[in-house]
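>>> Kindly return the folded structure for what I paste below:
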Amino acid sequence: MEKYKIAVIVGSLRKESYNLKTAKALISLAPESLSLKIVNIADIPMYNQDLEATPPKQWVALREEIGSVDGVLFLTPEYNRSVPAVLKNVIDIGSRPYGQNSWDGKPGAVVSVSTGNISGFGANHHLRQSLTFVNVPTMAQPEAYIGGVATLFDDNGKLINDSTKKFLKSFMAAFEKWVATNVQQ
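Next up is the predicted model:
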């Protein structure tokens, strides 16, 4: 069985982030053929083209890490009907300099996570728009909008809602097929 390396990008930096808890749940529910690793984006400097002459070491490391994986799984909260700046920053850094897009052709999926009922719908679709431009073929179905997330985990961060667990497991099975179908050899 081929093993696919997947970068997991979590767009919330909060220590007790529901997005991070959901990412960990997805990792635990993933098929064995997916090797998932959370990429820490907390300390990556904001993109500034003036720095490209001598890019910060965090940019270089991010670009190398994204370049080395087979696919990418994004988790995002919704801030003002869009994605957090830190997540957009990572996409911008990985897509530059021009002609050296680290994201190019990496199959991806988006999960939006929210305490509210709208479930991050706006952020999910805004992120998909950016991913289209940087040529990340993004899984269309099933869509993953995780709402009311505050009730889905126990005090230790363990997913306790069985229907959500079942959905996330099926989502990861679909993502496995998506990666296997779209991975660049």
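>>> ok, the residue lying closest to Val39 once chain neighbours are set aside to Ala150 distance?
Using Cβ to Cβ, 6 or more residues apart in numbering and skipping the chain neighbours, the partner closest in space to Val39 is Ala7 (4.9 Å). Quick note: C-beta positions are derived from backbone N, CA and C, even for glycine. Applying Cβ to Cβ, to the nearest Å, the value for Ala7 to Ala150 is 27 Å.
>>> Which one of these two is surrounded by more residues?
When neighbours are counted by other Cβ atoms under 10 Å, Ala7 and Ala150 differ, and Ala7 comes out ahead with 24 against 10.
>>> Quick check: the more buried one is in a helix.
No: assigned with DSSP: H, G, I helix; E, B strand; the rest coil, Ala7 falls outside any helix and is strand.
>>> Which residues does it form beta bridges with?
Per DSSP bridges, the residues bridged to Ala7 are Lys37, Val72.
>>> tell me the SS of the most centrally placed residue in the chain?
The centroid of the chain falls nearest to Phe74 when counting by Cα atoms, centre = their mean (1.2 Å). Of the three states, Phe74 takes strand according to three-state DSSP.
>>> pretty sure it is touching Gly108, no?
Yes: in this structure Phe74 lies within contact range of Gly108 using Cβ atoms under 8 Å: 6.4 Å.
>>> Show me the common contact partners of the two, please.
Listed as contacting both Phe74 and Gly108 by Cβ atoms under 8 Å, 6 or more residues apart in numbering are Leu131.
>>> My read is that Lys24 contacts Leu168, right?
No: if you go by Cβ under 8 Å, Lys24 and Leu168 don't touch, sitting 10.9 Å apart.
>>> Report the distance from the lengthiest helix in the chain to the chain centre.
Scanning the chain for the helix with the most residues, using DSSP state H, yields helix 162-182. The chain centroid and the centroid of helix 162-182 are separated by 14 Å under Cα atoms, centre = their mean, to the nearest Å.
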